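model this:
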Amino acid sequence: MVNFTILAGGYTSYIASYMFNSETNNLTYLNQYITGGNPSWIISHPTNKSILYAANENVPTGALQSFTVGPEGALTLVDTAYSGGSSPPYCGGIPTGQVAIVNYGSGTARVIPTTTDLLHFSINDSTIVTFPVPTTGTQGASEPHMVYQYGEELLIPDKGSDKIWRLGQNGSPGDFSVHGQIAQPIGSGPRHIQIYENQLYTIHELASTLTLQDFPAYPNSSTALIFNISTVPHYQPAGSSFAAAEVLIPLPTAEFPTPYIYTSNRNIGVQDPRGDTIAIFEKVDNQLVLRNQVYTGLNQIRGMMHGQQAGEGGDAYIVAAGFAGTAGVKVYKRTEGGANLEEVAVNTELPTRTSFVWLKQ
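Predicted structure coming up:
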């Protein structure tokens with residue numbers, strides 16, 4: 001029997017914990033731990049899984065929080081810092097002992113150093129990066145949505161500017177600035193990214209598309225799109241309106257040798273009775289091929305996460321939930337080598353969740 005602990009953030013004032021038993025396919029709600037308001041995004045430290053960070057997506061003043069993680073995901077709050085703006089939807093730890101956070105409500109980002117314990121924030125050593133107001137596109141404001149470390153750079157997809165900003169450290173920890181950009185299709189709204197084998201996969205919220213391009217070496221500002229494909233299911237109810245949200249690429253393993261790409265759809269209009277889909281793609285000869293549209297019964301899949309971060313056995317699973325509705329949290333098993341998903345567990349004690357962390361066993 002393998003038990004996996006899953007932590008789940010959301011638009012509440014707590015982070016929830018679940019236990020998933022992969023032998024009985026039971027997903028059990030365990031507990032909730034008080035946080036600041038709206039811990040919508042949670043993430044483990046990249047090298048120390050006993051530390052968790054959360055972005056408090058509050059208006060007008062967002063926050064970053066740190067926690068220690070105990071048995072069965074028990075959380076203890078350690079420190080809280082100002083995010084540098086409004087409505088931070090994402091944060092991420094950096095192996096150098098810093099934590100990056102973006103604020104889509106104010107078009108800013110901040111990289112905050114920590115002390116040697118990786119839990120206490122050094123606010124006075126951190127500068128706030130303000131992104132330019134876009135002159136093209138449809139949003140009229142910078143809306144950074146994610147931080148992704150690649151090499152020595154921090155990459156920040158900006159839904160409002162249709163760019164992926166490239167940030168570099170100027171010298172001392174916490175001192176970052178924009179030193180480049182990667183242009184994206186105008187009006188597409190880049191939201192989240194993944195990089196695999198030096199190729200950039202971008203999920204675009206406004207266009208509901210997945211794009212593929214070679215990652216441009218610094219200081220190049222862009223490379224041509226290799227492929228651009230819709231994530232939206234073929235059948236679209238009258239009154240539907242789609243906004244893609246997440247992209248995942250679990251690393252290949254012996255059981256799952258193909259690096260399939262999983263993207264989440266959000267129908268923010270009239271719902272399909274079958275719920276929103278997780279679209280599964282495969283890269284074949286530099287083309288993105290749709291393998292499956294998996295209907296989930298979930299309403300607006302804002303967050304999902306593969307279980308590879310939990311260690312052995314976790315790579316077989318993906319957890320997801322809706323931002324709206326009452327369908328709760330669901331666990332899916334990857335089948336057909338990862339080209340399909342089968343729902344194996346559900347818990348509806350909490351109707352919605354927005355982000356997940358699988359804990360190592």
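
Enumerate every residue touching the closest residue to residue 256 other than its chain neighbours.
Spatial nearest neighbour of residue 256, excluding adjacent residues (CB to CB, 6 or more residues apart in numbering): residue 338 at 4.5 Å. C-betas here are computed from N, CA, C, even on glycine. Neighbour list for residue 338: 250, 256, 258, 260, 280 [criterion: CB atoms under 8 Å, 6 or more residues apart in numbering].

what's the burial count for the second one?
This points to residue 256. 18 (other CB atoms under 10 Å).

In contact with residue 283, which residues?
Taking CB under 8 Å, 6+ apart, one finds 199, 212, 259, 261, 289 in contact with residue 283.

and what of residue 170?
Here residue 170 is in contact with 176-177 (CB under 8 Å, 6+ apart).

Quick check: beta-bridge partners of residue 69?
Beta-bridge partners for residue 69, by DSSP bridges, are residue 75.

go on, residue 288?
Counting by DSSP bridges, residue 288 forms beta bridges with residue 283.

Now that we're looking at it, what pLDDT does it have?
Listed pLDDT for residue 288 reads 98.

And residue 226, by the same measure?
As predicted, residue 226 sits at a pLDDT of 97.

Chain neighbours aside, what residue packs nearest to it?
With sequence-adjacent residues excluded and distances taken as CB to CB, 6+ apart, residue 226 is closest to residue 212, at 4.7 Å.

Check which helix or strand the one you found maps to.
For residue 212, the element it lies in under DSSP states H and E is strand 209-214.

Which elements pack onto that strand?
Helices and strands touching strand 209-214, by 3 or more CB pairs under 8 Å, 6 or more residues apart in numbering; DSSP states H and E, are strand 199-204, strand 225-230, strand 277-284.

Put the alpha carbons of stretch 133-142 into CSV.
Taking C-alpha atoms only, stretch 133-142 is exported to CSV below (Å, rounded to 0.1, in the frame of the first residue of the first chain):
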residue,chain,number,x,y,z
VAL,A,133,2.4,48.9,-19.8
PRO,A,134,1.7,47.1,-23.1
THR,A,135,1.1,49.1,-26.2
THR,A,136,-0.3,46.1,-28.1
GLY,A,137,-2.7,43.3,-27.2
THR,A,138,-6.1,43.4,-25.6
GLN,A,139,-5.5,43.7,-21.8
GLY,A,140,-4.1,47.2,-21.5
ALA,A,141,-2.0,46.2,-18.5
SER,A,142,0.8,44.0,-17.6
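
buried sites along it?
134, 137, 139, 141-142 (16 or more other CB atoms under 10 Å).

Number of residues surrounding the nearest residue to residue 13 once chain neighbours are set aside?
Excluding its sequence neighbours, the residue lying closest to residue 13 (CB to CB, 6+ apart) is residue 37, at 5.4 Å. Neighbours of residue 37 under the rule other CB under 10 Å: 15.

before we move on, what about the one 5 residues further on?
Counted with other CB under 10 Å, the burial measure for residue 42 works out to 26 neighbours.

so what's it closest to, chain neighbours aside?
residue 9 (4.0 Å).

Let me see the contact set for the one you found.
Residue 9 neighbours (CB under 8 Å, 6+ apart): 15, 39-42, 54, 303, 353-356.

Select from those the one having the most neighbours.
residue 39 (33 neighbours).

from what I can see that one touches residue 56, true?
Yes - using CB atoms under 8 Å, residue 39 is in contact with residue 56, at 5.8 Å.

Overlap in contacts, those two.
Common neighbours of residue 39 and residue 56, counting by CB under 8 Å, 6+ apart, are residue 65.

tell me the mean pLDDT over stretch 160-180?
What stretch 160-180 shows for mean pLDDT is 95.

end-to-end on it?
End-to-end distance of stretch 160-180: 17 Å, with CA to CA, to the nearest Å as the criterion.

now stretch 236-253
The first residue of stretch 236-253 is 35 Å away from its last residue (CA to CA).

Give me the buried positions along that stretch.
Across stretch 236-253, burial judged by 16+ other CB under 10 Å covers 240, 242-250.

can you check stretch 171-190 too?
Judged by neighbour count using 16+ other CB under 10 Å, the buried positions of stretch 171-190 are 173-174, 176, 178, 180-182, 184-185, 188-190.

now for those residues, which pair is the farthest apart?
The span of the buried residues of stretch 171-190, defined through CB to CB, is set by 173 and 185 at 34.6 Å.

out of the contacts of residue 283, who's nearest residue 312?
Closest to residue 312, out of all of the contacts of residue 283 and judged by CB to CB, is residue 259, at 18.7 Å.

give the contact list for that closest one.
Residues near residue 259 by CB under 8 Å, 6+ apart: 196, 249-252, 283.

one more time with 6 Å
Applying CB atoms under 6 Å, 6 or more residues apart in numbering to residue 259 gives the contacts 196, 249, 252.

Which members of these occur in helices, if any?
Among the contacts of residue 259, the subset assigned to helices under DSSP state H is empty.

Which of the residues you listed fall in strands?
Mapping the contacts of residue 259 onto strands (DSSP state E) picks out residue 196.

can you redo the contacts of residue 259 as TSV with distance to residue 163 and pLDDT?
Formatted as TSV, the contacts of residue 259 follow (distance: CB to CB, whole Å; pLDDT from 0 to 100):
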residue	distance to residue 163	pLDDT
196	21	98
249	22	98
252	30	97
